[in-house]
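Asker: Sequence and predicted model, in that order:
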Amino acid sequence: MEPLITFAQTAAIVVAGIALRFLVAVAGFALILVPIVLVVAAIVGVGRVRDYATGIARLGNLFWRDGLFYAPGHTWVRPEASGTVRVGLDDLAQRLLPGVHAVRLVEPGTDLRAGDVLAEVQVNGRSARITAPVDGRVVAINRGVDRDPTVLHHDPYRRGWLAKFAPQNDDYRKLPTGEASRQWLWNEDTRLIQYLEQELGVAAADGGEYILPAPALLSDEQWTAVTKEFFKA
């Protein structure tokens, strides 16, 4: 009987030791993980506060920013106090261009009319032309987009701007803005899905999920059609 009791005591000590080591390991892991989680949460929180402060809001599958004018070629225009306007791509445009690896912008000093080519974007072996939404002279381009094209995806309404213009006129003020632009972008999102599915025969939605085909999956004719339709190039 005594050997059995001794064995039970030894087993209990071993189990207790294993449990203690496990608890110490969990506590150590928690000490490492909790600060990381808090930092990530803080970063996400700051990002959301910044989005709210700058008027960026979720709009169905896309993000929309208030205070901008939205052009048919899926560029936006933002007037500045200096009299210049800043131009960039809206969220639908950047989603049509996944994996951008190069952006070629016209040089400062170039005079353009609305509809002229402002930039050429390279993505997965394909190219797309982005048109100017205003008449005027290009006075600056975003060299940061040249160096890191991924910023177009990460921050299309802020750091991902393309160029600054000295506008020739204020015709851009006729473009949708405010609630009208919000509704327009919503309608364009719906139109894109329907266009891909009905005109090109390519699935863009699966069980409610927003899935755009990679450019490499589209034929040359399909790619030309969709970029011409939505970038007005």
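Answerer: Sure, I can see it.

Asker: any idea whether the residue nearest to the spatial centre of the chain is helix, strand or coil?
Answerer: Geometric centre of the chain, nearest residue: His153, 3.4 Å, by C-alpha atoms, centre = their mean. Put simply, His153 is helix when judged by DSSP: H, G, I helix; E, B strand; the rest coil.

Asker: Count the neighbours of the closest residue to it other than its chain neighbours for me.
Answerer: Take His153 and drop its neighbours on the chain: the residue closest to it by C-beta to C-beta, 6 or more residues apart in numbering is Gln94, 5.3 Å away. C-betas here are computed from N, CA, C, even on glycine. Using other C-beta atoms under 10 Å, Gln94 has 23 other residues around it.

Asker: check contacts around the residue nearest to the centre of the chain.
Answerer: Shown in contact with His153 (C-beta atoms under 8 Å, 6 or more residues apart in numbering): Gln94, Pro98, Val100, Gly160.

Asker: Give me the local confidence score for it.
Answerer: We have a pLDDT of 90 for His153.

Asker: and the gap between it and Ala216?
Answerer: 17 Å (C-beta to C-beta, to the nearest Å).

Asker: Please tell me how far the residue nearest to Arg173 when sequence neighbours are not counted sits from Arg95.
Answerer: Spatial nearest neighbour of Arg173, chain neighbours left out: Phe69 (6.7 Å); criterion: C-beta to C-beta, 6+ apart. The spacing between Phe69 and Arg95, counted by C-beta to C-beta, is 20 Å.

Asker: One more: Asn169?
Answerer: Taking C-beta to C-beta, one finds Asn169 at 31 Å from Arg95.

Asker: Looking only at neighbour counts, state which of those two leads.
Answerer: Arg95 (19 against 10).

Asker: Is that one located within a strand, as I assumed?
Answerer: No: according to three-state DSSP, the state of Arg95 is helix, so it is not within a strand.

Asker: what about it, distance to Arg137?
Answerer: 30 Å.

Asker: now do Arg191
Answerer: 32 Å.

Asker: same question, Asp116
Answerer: To Arg137, Asp116 is 12 Å away according to C-beta to C-beta.

Asker: Quick one: the helices in this protein, in order.
Answerer: 2-53, 91-96, 143-147, 151-154, 178-194, 220-231 (DSSP state H).

Asker: Rounded mean pLDDT for stretch 74-89, please.
Answerer: 98.

Asker: What's the end-to-end length of it?
Answerer: 6 Å (C-alpha to C-alpha, to the nearest Å).

Asker: my guess is Ala225 meets Leu200, correct?
Answerer: Yes: using C-beta atoms under 8 Å, Ala225 makes contact with Leu200 at a distance of 6.8 Å.

Asker: Tell me which of these two has more neighbours.
Answerer: Shown here are Ala225 and Leu200; by other C-beta under 10 Å, Leu200 has more neighbours (18 against 15).

Asker: Give me the pLDDT for the residue lying closest to the more buried one once chain neighbours are set aside.
Answerer: Nearest residue to Leu200, sequence neighbours excluded (C-beta to C-beta, 6+ apart): Gln222, at 4.9 Å. In this model, Gln222 is scored at 90, pLDDT.
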